[in-house]
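Asks: Task: produce atomic coordinates for the following.
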Amino acid sequence: MPWTASQNPATQRKWRDRVADFEASGLSLSAFCDRAGVGRESLRRWQRWHARHPLQLPALVEVRRSPNRSSEPDSEMVIELASGRRLRLRPGFDEVAVARLVAVLESA
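Replies: Now for the predicted structure:
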């Protein structure tokens, strides 16, 4: 049965990070895998997969302020993604978490 990459975004991110760590390490494949406790063939497969599927960040989009929304700092923010999905954010949201969520939703 041929190998297929996991569709789980967390697994893909974990392996993307491992591949990046390996490529930045200057170590041989064997030395890196021994140190990281991962299989050589797994790292090779993920390295090839990530080379064919580069990380795609969301494109910049136009931001318009809705005329019927309050300009009060406590009003919610709505982000509409290219897919039509909408995120409603309340004040105090975690910007890093939202950026990760947008990246995952846009790649789905």
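Asks: Could you use CA atoms for every contact and neighbour count after this?
Replies: OK.
Asks: Go ahead and name everything in contact with the longest helix along the chain.
Replies: When the chain is parsed with DSSP state H, its longest helix is helix 9-25. The contact list for helix 9-25, computed with C-alpha atoms under 8 Å, 6 or more residues apart in numbering, reads Ala5, Ser6, Leu29, Phe32, Leu43, Trp46, Gln47, His50, Val104.
Asks: can you pull the contacts of the last one?
Replies: Contacts for Val104 (C-alpha under 8 Å, 6+ apart) come out as Pro9.
Asks: where's it relative to Glu76, distance?
Replies: Distance, Val104 to Glu76, using C-alpha to C-alpha, to the nearest Å: 22 Å.
Asks: hmm, back to that, can you dump the C-alpha coordinates of the longest helix of the chain into PDB?
Replies: The C-alpha trace of helix 9-25 is given here as PDB (Å, rounded to 0.1, in the frame of the first residue of the first chain):
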ATOM      1  CA  PRO A   9      -3.000  19.800  10.000                       C
ATOM      2  CA  ALA A  10      -1.300  19.300  13.400                       C
ATOM      3  CA  THR A  11       0.600  16.300  12.100                       C
ATOM      4  CA  GLN A  12       1.600  18.100   8.900                       C
ATOM      5  CA  ARG A  13       2.800  21.100  11.000                       C
ATOM      6  CA  LYS A  14       4.800  18.800  13.300                       C
ATOM      7  CA  TRP A  15       6.600  17.100  10.400                       C
ATOM      8  CA  ARG A  16       7.100  20.500   8.600                       C
ATOM      9  CA  ASP A  17       8.800  21.700  11.700                       C
ATOM     10  CA  ARG A  18      10.900  18.500  11.900                       C
ATOM     11  CA  VAL A  19      11.900  18.800   8.300                       C
ATOM     12  CA  ALA A  20      12.900  22.400   8.800                       C
ATOM     13  CA  ASP A  21      14.900  21.500  11.900                       C
ATOM     14  CA  PHE A  22      16.700  18.800  10.000                       C
ATOM     15  CA  GLU A  23      17.500  21.000   7.100                       C
ATOM     16  CA  ALA A  24      18.800  23.700   9.400                       C
ATOM     17  CA  SER A  25      20.800  21.300  11.600                       C
END
